[in-house]
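Q: Got a predicted structure here, sequence first:
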Amino acid sequence: MKPAAVRTARRRTSGGTLPASFYSRDTEIVARELLGCIVECRGPRGLTRGRIVETEAYLGEHDPACHAAAGRTKRTDPLYGPPGIAYVYLIYGTHWCFNAVTRPEGLPSAVLIRALEPIDGLALMRSRRPAAHRNVDLASGPGKLCAALGIDMRHNRHPLTRPPLVIRRGNPVADDAVEVTPRIGIRKAVDWPLRWFVANHPGVSRVPRR
């Protein structure tokens with residue numbers, strides 16, 4: 001690749017906002033196609049962006065690992081739609097997790113954004129994640145990326161088509177650069193192959209079991 005082409009590729013880090021129709025499809029398809037897209041969060045302290053390098057799909061009430069397996073509750077209500085809104089929840093009482101709700105309204109499912117490659121607002125991310133020794137570690141996990149970008153319960157149910165929290169088109173990731181493994185960090189349906197990530201990327205949350 002010529003140097004000019006490299007510079008052009010680096011500039012094309014993000015495009016238009018993904019429409020709600022993008023999310024109104026099978027969760028597995030959305031999880032795969034979100035790789036390479038850009039999460040952008042704007043707050044009082046500034047703007048942060050990261051490229052999605054790892055996702056997991058959670059398929060609905062029949063999926064034992066999905067929160068919707070418990071039925072429609074106050075907590076799980078955002079999972080039931082409409083598609084293209086954020087589902088944000090707290091784990092272990094300390095870490096936020098950010099999901100994009102998928103499929104038509106009434107079919108509870110979502111894609112967990114597991115890891116990002118930081119691309120903008122790194123100084124702000126570092127101030128929020130002082131324990132990270134390298135830039136690539138700033139958002140290498142679902143709780144880490146929420147801390148780095150400032151995503152929390154304020155963003156729950158927020159439409160991902162408008163600020164302050166949006167997902168934009170990025171550079172597509174080729175199939176031969178993507179690996180699929182079972183989900184991690186769960187105790188049920190542990191063998192379902194519903195985790196997608198950019199192969200050999202240092203920002204992936206954990207070395208996968210294949």
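A: In hand now; what should we look at? Bear in mind that the values here come from a model prediction, so they are computed numbers and not experimental data.
Q: what's the distance between Leu50 and Arg157?
A: For the record, residue 50 is Gly, not Leu. 21 Å (CB to CB, to the nearest Å). (Glycine included, C-beta is placed from N, CA and C.)
Q: Give me the more crowded residue out of the two.
A: The residue with more neighbours, out of Gly50 and Arg157, is Gly50; 26 against 14, by other CB atoms under 10 Å.
Q: Report the spatially closest residue to that one, excluding sequence-adjacent ones.
A: Here the nearest residue to Gly50 in space, its sequence neighbours aside, is Leu116; by CB to CB, 6 or more residues apart in numbering that works out to 3.0 Å.
Q: Pairing partners for the helix or strand where that neighbour lies, with directions?
A: If you go by DSSP states H and E, Leu116 is part of strand 110-120. Partners of strand 110-120 in the sheet, by DSSP bridges, are strand 46-58 (antiparallel), strand 95-101 (antiparallel).
Q: residues of the longest one that come out buried?
A: Buried residues in strand 46-58, defined by neighbour count with 16 or more other CB atoms under 10 Å: 48-58.
Q: same deal with stretch 75-90?
A: Within stretch 75-90, the residues that qualify as buried are 76, 78-89, counting by 16+ other CB under 10 Å.
Q: so, if you compare these, which one comes nearest to Arg129?
A: Nearest to Arg129 out of those is Val88 (CB to CB; 17.7 Å).
Q: From Leu165, how far out is the closest one?
A: Going from Val88 to Leu165 by CB to CB gives 9 Å.
Q: where along this structure do the helices fall?
A: 3-11, 20-23, 27-33, 122-128, 142-149 (DSSP state H).
Q: Give the bridge partners for the spatially most central residue of the chain, please.
A: In the chain, the C-alpha nearest the mean C-alpha coordinate belongs to Ile113, at 2.0 Å (CA atoms, centre = their mean). Beta-bridge pairing of Ile113 under DSSP bridges involves Thr55.
Q: Give me the local confidence score for it.
A: Looking at Ile113, its pLDDT is 98.
Q: Surely it and Val88 touch.
A: No - in this structure Ile113 lies outside contact range of Val88 using CB atoms under 8 Å: 10.5 Å.
Q: Spell out which residues are contacts of both of the two.
A: In terms of CB atoms under 8 Å, 6 or more residues apart in numbering, Ile113 and Val88 are both contacted by the residues 98-99.
Q: measure Leu59 to Val136 for me?
A: Separation of Leu59 from Val136 (CB to CB): 30 Å.
Q: ugh, typo on my part, it should be Tyr89
A: Counting by CB to CB - Tyr89 and Val136 are separated by 26 Å.
Q: This completes my enquiry, with thanks.
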